[in-house]
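Asker: build me a structure from this.
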Amino acid sequence: MANINDDYERMNNLEWRLKRIENMLGSFEKCENERAFHKITELNENLSRYASTNSNAKTILKKADDITYLTSSDFMRRLNTDKTTKLELILLEEERIRNVTDSLSKIAELAKVLDGEHFNDVPKLTEKLNTLIVNHNQIKTEHGTFTQELATFLQDYAAFVSFFCLYYSV
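Answerer: Prediction:
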């Protein structure tokens, strides 16, 4: 019941303010449009002047400007554009999350393989591999030496055969 009385009082107060503004401006039937526009402009200038000296009025005018800005069609268009951009970013982030999830699944599968019994033998096999590498390097070195000795022998043999052919052919 108290709410209805409060609403009724507010309505009466708003009607009184509207009549007061109409009286200040004059009725539109009585005055020309230019005069009404001039009065509205003058009233706006007076409000701005009053607002520049009063911090509460500045705050109220700032809030009124904010309301005008937030209810403008440009802001709504920009807000819809921002929503579209946010939606695209969310979808891209969702795709990235799927990719990361797939990568983590692959890592989990590989971890199972790495935890297998065959990979436990790798340290033991590393020692054998090192021994084989040393043997391989020794064989390569011996092969190089043997190849050099064989080349020298074949050159000496070729020289001997050519000398022998010359000596007995004469």
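
Asker: roughly how far apart are F119 and L132?
Answerer: Remark: distance between F119 and L132 (Cβ to Cβ, to the nearest Å) = 20 Å. All C-beta spots, glycine's among them, are computed from the backbone N, C-alpha and C.

Asker: tell me the mean pLDDT over the longest helix along the chain?
Answerer: For the chain, the helix reaching the highest residue count under DSSP state H is reported as helix 122-169. Average pLDDT, helix 122-169: 89.

Asker: now do stretch 64-75
Answerer: If you average the pLDDT over stretch 64-75, you get 77.

Asker: buried sites along that stretch?
Answerer: Using 16 or more other Cβ atoms under 10 Å as the burial criterion, none of the residues of stretch 64-75 qualify.

Asker: and stretch 111-131, how far out from the chain middle?
Answerer: Computed by Cα atoms, centre = their mean, to the nearest Å, the chain-centroid distance of stretch 111-131 equals 41 Å.

Asker: just the endpoints, please. Distance across it?
Answerer: From the first residue to the last, stretch 111-131 extends over 29 Å; the measure is Cα to Cα, to the nearest Å.

Asker: numbering from 199 from now on, please.
Answerer: Fine by me, first position is 199 from now on; the one you just mentioned is stretch 309-329.

Asker: give me the contacts around it.
Answerer: With Cβ atoms under 8 Å, 6 or more residues apart in numbering as the contact definition, stretch 309-329 has no outside contacts at all.

Asker: repeat that for 10 Å
Answerer: The contact list for stretch 309-329 (Cβ atoms under 10 Å, 6 or more residues apart in numbering) reads I305.

Asker: can you point out the buried residues in it?
Answerer: Under 16+ other Cβ under 10 Å, stretch 309-329 has no buried positions.
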